[in-house]
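J.: Fold the following.
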Amino acid sequence: MPVWVWIVIAVGLVVLAWLVGAYNSLVGARNRVENAWSQVDVQLKRRYDLIPNVVETVKGYATHEQQTFERVTQARSAAQSAEGPGEQAEAENFLTSALRQLFAVAEDYPELRASENFQGLQAELSETENRISVSRQIYNDTVLTFNNKVQQVPTNIVASMFGFTEREFFEAGEEADTAPAVDF
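T.: Numbering: from 1, shown residues only. Just a heads-up that it's a prediction; the model follows:
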């Protein structure tokens, strides 16, 4: 065989190896994004599980605050049914606002504030909010890495060939950066 044939074969093998490497790199990055979103989802579900207990505890003391309870319940339902980071972020902002209103109601009831059950639930919710914040940051960092791979030359060529598209960040509003807590 002539030398040029060997050169063409070698170049073809190098290109093929690069394509496989780039594809596998994109798949790995995409899977890390999925995993990071799963971690966010776990923390959000934990939050959703705590909210009914907080509402019921406050209801026991503040029975005439029905509108506030309904708003929290609606916000929780909307957040649970949200799909995708953008819709989820919007729903979470609404839920955080509703929780802040609920805790503001609790301020008017000293016996509620003194309740060990309420204090425990509040501490758990605050811890969960912190976990959500950390999970959100990890997810967004992972999305940034993936989106960079999808956009940067030369992996953008492989990304477009195999249908890899950018992922959406989970951008919560400023109110989500702090837990909806009240100082007692």
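J.: what about the protein, any weak spots by pLDDT?
T.: Applying pLDDT under 70 to the chain picks out residues 173-184.
J.: ok, for the residue most central in space within it, nearest residue in space, not its chain neighbours?
T.: In the chain, the residue lying closest to the centroid (C-alpha atoms, centre = their mean) is Val40, at 4.0 Å. In space, and not counting its chain neighbours, Val40 is closest to Ser135: 4.4 Å by C-beta to C-beta, 6 or more residues apart in numbering. No exception for glycine: its C-beta is placed from N, CA and C like everyone else's.
J.: quick one: that neighbour and Asn31, what's the gap?
T.: Distance from Ser135 to Asn31, counting by C-beta to C-beta, to the nearest Å: 17 Å.
J.: Same question for Trp18.
T.: For Trp18, the distance to Asn31 - C-beta to C-beta - is 20 Å.
J.: contacting residues for Phe69?
T.: By C-beta atoms under 8 Å, 6 or more residues apart in numbering, the contact set of Phe69 is 55, 58-59, 102.
J.: between those, which is nearest Glu83?
T.: Of all those, Glu83 sits closest to Val55, with 24.2 Å by C-beta to C-beta.
J.: and the closest one, what does it touch?
T.: 69, 72-73, 102.
J.: Name only those of those that count as buried.
T.: 69, 72, 102 (16 or more other C-beta atoms under 10 Å).
J.: Counting only strands, which of these make the cut?
T.: With strands taken from DSSP state E, there is no overlap with the buried ones among the contacts of Val55.
J.: Identify, from those, the entry nearest to Thr155.
T.: Val72 (44.5 Å).
J.: Tell me if I'm right that the closest one and Leu102 touch.
T.: Yes - here Val72 lies in contact with Leu102, judged by C-beta atoms under 8 Å, at a distance of 5.3 Å.
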